[in-house]
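[1] Compute the structure for the input listed below.
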Amino acid sequence: MRSIAGLFGKEMDRVVAFLETISIAYQLAKENPTGITSKKKFIENARRLRKVINSCTDMNVVAYDGAYLHACAEYELTVRYLIERYVDRAASKCQDYLHLPKEMREWYPVGCSSVVLNITQDKFRHLTVSTLVSSLASTTKRKKYSLIGDAFSDNSVNIWPETIDEMFRTRIGIEKIWQKLSRENGLQTALGTTVPATAEQVARRKLSALLHRRNDIIHRGKTYYAPSETEVRECALFFKALVANLSEIMEKHCAAL
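    Purely as a prediction, here's the structure:
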């Protein structure tokens with residue numbers, strides 16, 4: 001799980017680096033090139049960049065919209081990856097199916113049936129009904145079973161705070177995930193508080209606000225306005241902290257199986 005969180009962290013770092021690139025490019029466009037006569041490629045490209053930006057001064061709106069949506073998409077994809085990795089690790093540790101957490105055993109038939117009903121969706125192109133049925137049947141053998149992670153990770157809506165709670169509690173058996181997160185030093189540091197109750201409240205509220213903003217960008221109305229550079233940066237940094245600490249909790253639970 002830590003490796004998945006690490007890759008996600010690098011992706012959020014790329015989002016922040018992109019914001020820096022846009023900011024520097026706009027600063028460059030404000031500079032006066034008068035008196036610079038060099039024909040070197042660096043100078044020529046700087047002039048071209050300045051010309052493009054000055055001809056379309058509000059294109060950073062597109063950049064910030066895109067960066068914000070990218071961060072949100074990567075967050076939801078990574079949560080699914082974390083759950084799938086947890087399922088793989090749990091199955092490798094619990095060689096007898098009955099040794100898996102009760103919640104995982106109860107959820108698996110439900111998850112498989114949901115995937116079967118939606119098997120024509122693009123996200124399930126790597127699966128077949130036969131594969132799912134065979135996997136589900138293998139659980140009756142107890143010690144020769146295989147699990148398909150998509151049955152645990154698939155989600156049809158945004159991954160809201162309450163969605164995280166439901167997925168972790170009912171699907172993989174990790175109770176009170178937000179309370180556990182609120183006690184993680186990394187998340188407390190990111191939120192600027194050492195009080196667990198406050199950290200939980202702020203984290204839940206912040207995630208909800210970020211996803212509402214994401215939906216506003218996609219389903220925009222007449223009063224829509226683009227996110228600022230600060231909003232996108234805060235979004236990426238929060239997701240980075242949230243995912244990193246989710247992975248730590250999952251590692252601890254997996255080790256205790």
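[2] Below-threshold pLDDT in the chain: ranges please.
    Along the chain, no part satisfies pLDDT under 70.
[3] Now residue 93: closest residue in space that isn't a chain neighbour?
    Of all residues not flanking residue 93 in the chain, residue 257 sits nearest, at 5.0 Å (Cβ to Cβ, 6 or more residues apart in numbering). Using the backbone N, CA and C atoms, a C-beta is placed for each residue, glycine as well.
[4] same deal with residue 1?
    Closest residue to residue 1 apart from its sequence neighbours, by Cβ to Cβ, 6+ apart: residue 247 at 4.0 Å.
[5] what residues are up against that neighbour?
    1, 2, 4, 5, 82 (Cβ atoms under 8 Å, 6 or more residues apart in numbering).
[6] same question, residue 55
    Going by Cβ under 8 Å, 6+ apart, residue 55 touches no other residue.
[7] Repeat that for residue 229.
    If you count contacts by Cβ under 8 Å, 6+ apart, then residue 229 has 19, 22, 23, 60, 64 around it.
[8] which helices and strands does the helix or strand that the last one is a member of pack with?
    By that I understand residue 64. In this assignment (DSSP states H and E), residue 64 forms part of helix 60-93. Judged by 3 or more Cβ pairs under 8 Å, 6 or more residues apart in numbering; DSSP states H and E, helix 60-93 is in contact with helix 2-30, helix 150-153, helix 196-218, helix 229-255.
[9] and those, which is most packed in?
    helix 150-153 (a mean of 22; mean count of other Cβ atoms under 10 Å).
[10] how long is stretch 122-134 end to end?
    Terminal residues of stretch 122-134 lie 21 Å apart, using Cα to Cα, to the nearest Å.
[11] List the buried residues for that stretch?
    Buried positions in stretch 122-134, judged by neighbour count with 16 or more other Cβ atoms under 10 Å: 124, 127, 132.
[12] and which of those residues is nearest residue 227?
    Nearest to residue 227 among the buried residues of stretch 122-134 is residue 124, at 31.7 Å by Cβ to Cβ.
[13] For the closest one, which non-adjacent residue is spatially closest?
    Excluding the flanking residues, the one nearest residue 124 by Cβ to Cβ, 6+ apart is residue 115, at 6.1 Å.
[14] buried ones in the host helix or strand of the one you found?
    Residue 115 belongs to helix 102-117 when elements are defined using DSSP H and E. Buried residues in helix 102-117, counted by 16+ other Cβ under 10 Å: 103, 104, 107, 108, 111, 112, 115, 116.
[15] what sits against the fourth one?
    With contact taken as Cβ under 8 Å, 6+ apart, residue 108 is in contact with 136, 139, 147, 151, 152.
[16] Include distance to residue 77 when you put those residues into a markdown table, please.
    Converted to a markdown table, the contacts of residue 108 look like this (distance: Cβ to Cβ, whole Å):
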| residue | distance to residue 77 |
| --- | --- |
| 136 | 25 |
| 139 | 27 |
| 147 | 20 |
| 151 | 17 |
| 152 | 15 |
